[in-house]
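S.K.: no sequence on this one, just coordinates:
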């Protein structure tokens, strides 16, 4: 994929960080079939590349995304990928960490893309909302299922049932947003966070994310054994030995991913 300004999705690499930008600012970065295919392809590349350690998802023109492109929907298009959800990430998020860099609005399906990300960095003017009920629709792209896992149930219901947006400061206060930064700096701040993550052992990062995602579905009597299955190969890896050796020798580790 190129980073031409003509593309509906721009993909670039900043060292070990992949930056994916939805690039339809005139349509407030609304999601159509082309955007969905390109975002899905980008996250597939993120997971497949040994050189990439984390990703950042953002929108061009100071707006994250207004959600599904209704004009495209009327043409018979959908921004969902079969079996994978919106843009290929709401039902099957990437194995590697993905950070949302939000400026302006993240609304409806755009908000559901944010919920598919692991961390959120937002400009002070950002707004988050799921207005579907105002149109007698349901936020079925992930918000009704995932939002109660990210914020207190009462807060999730407030957003889902009123359809009113939440500003960045309150989103941070309820635990939805990790960092609030000056408007126009969310992308750079998100890349900085991704770089910190990318400097850590990739096997340990992947295993940690897998545990956090999977643990809610584990029965209490099996969760420790299930965790052992995930972390066992990490503790037995060459990278684990390298991490300990680098600490003892006071040098930066050299990760091999094995």
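M.R.: Okay, I see it. This one's a predicted model, so the numbers in the text were calculated from it and none came from an experiment.

S.K.: so who does the residue nearest to residue 59 when sequence neighbours are not counted touch?
M.R.: Using Cβ to Cβ, 6 or more residues apart in numbering and skipping residues adjacent in sequence, the residue nearest residue 59 is residue 29, 4.0 Å away. In this view, the C-beta of every residue, glycine as well, is placed from N, C-alpha and C. Neighbouring residues of residue 29 by Cβ atoms under 8 Å, 6 or more residues apart in numbering: 22, 23, 35, 59, 60, 61, 63, 64, 65, 66, 110.

S.K.: most neighbours out of those, which is it?
M.R.: residue 65 (34 neighbours; other Cβ atoms under 10 Å).

S.K.: that one and residue 113 touch, don't they?
M.R.: Yes - here residue 65 lies in contact with residue 113, judged by Cβ atoms under 8 Å, at a distance of 6.3 Å.

S.K.: the helices in this structure, which residues?
M.R.: With helices called from DSSP state H, the chain shows them at 33-48, 70-74, 109-115, 143-150, 153-162, 168-173, 186-198, 202-214, 223-235, 238-248.

S.K.: of all the ones you listed, which one is nearest residue 16?
M.R.: helix 186-198 (4.3 Å; Cβ to Cβ).

S.K.: residues of that closest one that come out buried?
M.R.: Residues of helix 186-198 classed as buried: 186, 187, 189, 190, 191, 192, 193, 194, 197, 198 (neighbour count, 16 or more other Cβ atoms under 10 Å).

S.K.: who touches the last one in this structure?
M.R.: Applying Cβ under 8 Å, 6+ apart, one finds that residue 198 lies in contact with 15, 16, 17, 53, 54.

S.K.: deepest-packed of the helices of the chain, please.
M.R.: helix 109-115 (a mean of 29; mean count of other Cβ atoms under 10 Å).

S.K.: centre of the chain to it, how far?
M.R.: 9 Å (Cα atoms, centre = their mean, to the nearest Å).

S.K.: please apply the same query to stretch 101-116.
M.R.: The answer for stretch 101-116 is 9 Å, by Cα atoms, centre = their mean.

S.K.: which strand residues bridge residue 181?
M.R.: residue 123 (DSSP bridges).

S.K.: which residues touch it?
M.R.: Contacts of residue 181 by Cβ under 8 Å, 6+ apart are 121, 122, 123, 124, 189.
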